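Colleague: Okay, predicted coordinates and the sequence, questions at the end:
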Amino acid sequence: MKGKFIWLIGIGLWMVSLIVVSGSLVLSLTQGGLLRPSSEGGQPPPATANEHAAETQPPLEIPPTATATPLPSLTPTVTETPTPTCIYPT
């Protein structure tokens with residue numbers, strides 16, 4: 001009788017942990033935006049203000065430059081290590 005009771009406790013704990021893990025997975029996917037409820041009629045969601053601004057503005061063009069300017073070269077500088085000012089006890 002004791003063996004059956006332990007098996008029932010084990011199966012019950014397994015079911016509870018399975019529910020907790022699957023629930024947290026579903027919550028993380030919906031919070032991340034991977035699972036979204038479908039809209040009615042199959043219509044796409046309305047565009048946001050940023051999407052409207054991107055559609056109305058012409059693309060930016062960068063004018064070509066005639067010559068490239070060379071980058072300044074870095075010269076290594078020697079830094080001296082400071083000498084210790086305190087005298088260590090013997």
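Modeller: All right, it came through fine. Residues are numbered from 1 along each chain as shown.

Colleague: Show me what counts as buried in the longest helix seen in the chain.
Modeller: Looking across the chain with DSSP state H, the single longest helix is helix 2-31. Buried residues in helix 2-31, counting neighbours by 16 or more other Cβ atoms under 10 Å, are absent. For glycine as for every other residue, the C-beta is placed from the backbone atoms N, C-alpha and C.

Colleague: Determine the set of other helices and strands touching it.
Modeller: Contact here means 3 or more Cβ pairs under 8 Å, 6 or more residues apart in numbering; DSSP states H and E; on that basis helix 2-31 packs against no helix or strand.

Colleague: pLDDT on that helix, on average?
Modeller: Averaged across helix 2-31, pLDDT comes to 90.

Colleague: and if you look at stretch 60-78?
Modeller: Mean per-residue pLDDT for stretch 60-78: 74.

Colleague: distance between the ends of that stretch?
Modeller: Start-to-end span of stretch 60-78 (Cα to Cα, to the nearest Å) is 45 Å.

Colleague: Tell me the buried residues in that stretch?
Modeller: Quick answer for stretch 60-78: no buried residues (16+ other Cβ under 10 Å).

Colleague: contact partners of that stretch?
Modeller: Outside stretch 60-78, no residue is within contact range by Cβ atoms under 8 Å, 6 or more residues apart in numbering.

Colleague: Okay, buried residues for stretch 74-90 please.
Modeller: Buried, per 16+ other Cβ under 10 Å, within stretch 74-90: nothing.

Colleague: measure residue 12 to residue 32 for me?
Modeller: As defined by Cβ to Cβ, to the nearest Å, residue 12 lies at a distance of 31 Å from residue 32.

Colleague: my bad, residue 18
Modeller: Counting by Cβ to Cβ, the gap from residue 18 to residue 32 is 22 Å.
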